[in-house]
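Asker: sharing a model prediction with you, sequence too.
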Amino acid sequence: MHEHKARGLVSRRTVLWGALAGAAAVAGFGATLSHQDELGQVDPSVLRTLGTAGTGATTRPGGGTVRVERVFSAHRNREVDLVTMAPQADRSGLPVCLLLHGRFGTARNAAPGALPSALAAAVARGQVPPFAFVAVDGGGNNYWHAQPGDNPMGMLLDDLPGWLAERGLGGGDGLPFAVAGISMGGFGSLLYTRRRQERGRPVRAVAAISPALITNWPEMNKRKAFRDNAEWESMNPLRHIDKLGSARVGLWCGTEDSFIDGSRQFIRQARPLVGSTGPGRHDSTYFDRVSPDMVRFIGRHLPSA
């Protein structure tokens, strides 16, 4: 077996979590550890992502799973976490919405704490058909574009479909039907939408929560994520709205968020299907509050919807 292919299979460090709380009990959702990591303990960031408290675990019949796996990315030349959140124990055949983490984040904390419960509740109530969110480690401060020796966008475009297809996710081609992201991940989700459009394989929907849409180079340059202004401008979603193609766009940003100016500019120019601004900061309180809206928005654009 090819080395990269072998590393893409479920590793010994797979962490299987089940189950999502039912529609009514969303104060937190139960999790059962079937395989601990090599340290023999639960990564606290996984617990925060899943919205659980402490290290207790309960199994709820009819719940779903969150699975953490290690896979090898040829484009990043390293192993990365692949996290799948599904509203049901059997995830086979589920359409996938790619979920991109924020700056200095990881796949394990890509999701707001309320997102898994929001997904489970929306499916249980019949508000959306079943689908899965999938997150992957993209690097701490690269805004999801290629850096020397590390190409997270290439990973999303070329490595990820194979991983999903191997797991029976995302249809036969393993392509996510949608993409979502928070902060830097919101920037990345719009860039990914553009790249998919350029390849002739467009996404159906893109959801950006508090996207890092910075409006001037001096501020962007503080993040040391782009070589120069020209490189940033070549990828800045505010400069390439016309390249998003037919994707349905949803954007949410709090009015006390430092990225509100860029978000408002995007809403004015792009006229997205959803352009929501309201009270809120760049924090988990706001992200949790809008997560149910984001789930319903994504769910309306499934291939079968």
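Answerer: In hand now; what should we look at?
Asker: ok, now which ones touch the residue nearest to the spatial centre of the chain?
Answerer: Residue closest to the average C-alpha location in the chain (Cα atoms, centre = their mean): residue 99, at 0.9 Å. For residue 99, the contacting residues are 85, 110, 111, 133, 134, 135, 179, 180, 181, 185, taking Cβ atoms under 8 Å, 6 or more residues apart in numbering as the criterion. C-beta here means a position set from N, CA and C on the backbone, and glycine is covered the same way.
Asker: how about 6 Å then?
Answerer: Contacts for residue 99 (Cβ atoms under 6 Å, 6 or more residues apart in numbering) come out as 110, 133, 135, 180.
Asker: doesn't it belong to a strand?
Answerer: Yes: going by DSSP: H, G, I helix; E, B strand; the rest coil, the assignment for residue 99 places it inside a strand.
Asker: what bridges to it?
Answerer: On the basis of DSSP bridges, residue 99 takes part in beta bridges with residue 135, residue 180.
Asker: now residue 79
Answerer: Following DSSP bridges, residue 79 is listed with bridge partners residue 72.
Asker: can I assume it is in contact with residue 70?
Answerer: Yes: taking contact to mean Cβ atoms under 6 Å, the distance of 5.1 Å between residue 79 and residue 70 places them in contact.
Asker: quick check: residue 276 is in a helix.
Answerer: No: counting by three-state DSSP, residue 276 is located in no helix; its state is strand.
Asker: distance check, it against residue 249.
Answerer: Plainly put, residue 276 is 12 Å away from residue 249 if you go by Cβ to Cβ, to the nearest Å.
Asker: neighbour count winner among the two?
Answerer: Each of residue 276 and residue 249 had its neighbours counted (other Cβ atoms under 10 Å), and the higher figure belongs to residue 249 (22 against 18).
Asker: would you mind listing the residues in contact with the more buried one?
Answerer: Contacts of residue 249 were listed using Cβ under 6 Å, 6+ apart, and they are 206, 272, 273.
Asker: excluding chain neighbours, what is closest to it?
Answerer: Spatial nearest neighbour of residue 249, chain neighbours left out: residue 272 (3.7 Å); criterion: Cβ to Cβ, 6 or more residues apart in numbering.
Asker: distance of that neighbour relative to residue 197?
Answerer: With distances taken as Cβ to Cβ, residue 272 is found 15 Å from residue 197.
Asker: more neighbours: those two, which one.
Answerer: Neighbour count, other Cβ under 10 Å: between residue 272 and residue 197, residue 272 has more, with 19 against 16.
Asker: verify the contact between the residue nearest to residue 249 and residue 251 for me.
Answerer: Yes: at 5.3 Å, residue 272 and residue 251 qualify as touching, with contact defined as Cβ under 6 Å.
Asker: quick one: residue 208 and residue 186 touch, right?
Answerer: Yes: at 3.6 Å, residue 208 and residue 186 qualify as touching, with contact defined as Cβ under 6 Å.
Asker: show me where the stretch 201-305 of the chain has its helices.
Answerer: Under the criterion DSSP state H, counting those that start in this stretch, the stretch 201-305 of the chain carries helices at the ranges 217-221, 229-235, 260-270, 284-299.
Asker: buried residues in the second one?
Answerer: I take that to be helix 229-235. Along helix 229-235, these residues count as buried under the neighbour rule (16 or more other Cβ atoms under 10 Å): 232, 235.
Asker: now it: average pLDDT?
Answerer: Along helix 229-235, the predicted local confidence has a mean pLDDT of 98.
Asker: equivalent analysis for the last one, please.
Answerer: If you average the pLDDT over helix 284-299, you get 97.
Asker: likewise the third one?
Answerer: Averaged across helix 260-270, pLDDT comes to 98.
Asker: can I get it in PDB, CA atoms only?
Answerer: The C-alpha coordinates for helix 260-270 follow below in PDB (Å, rounded to 0.1, in the frame of the first residue of the first chain):
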ATOM      1  CA  ILE A 260     -17.500  44.400  11.400                       C
ATOM      2  CA  ASP A 261     -16.300  47.100   8.900                       C
ATOM      3  CA  GLY A 262     -15.100  44.500   6.400                       C
ATOM      4  CA  SER A 263     -18.200  42.400   7.000                       C
ATOM      5  CA  ARG A 264     -20.500  45.300   6.200                       C
ATOM      6  CA  GLN A 265     -18.500  46.100   3.100                       C
ATOM      7  CA  PHE A 266     -18.900  42.500   1.900                       C
ATOM      8  CA  ILE A 267     -22.600  42.600   2.600                       C
ATOM      9  CA  ARG A 268     -23.000  45.900   0.600                       C
ATOM     10  CA  GLN A 269     -21.000  44.600  -2.300                       C
ATOM     11  CA  ALA A 270     -21.900  40.900  -2.400                       C
END
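Asker: quick one: residues contacting residue 186.
Answerer: When contacts are counted by Cβ under 6 Å, 6+ apart, residue 186 touches 208, 209, 211.
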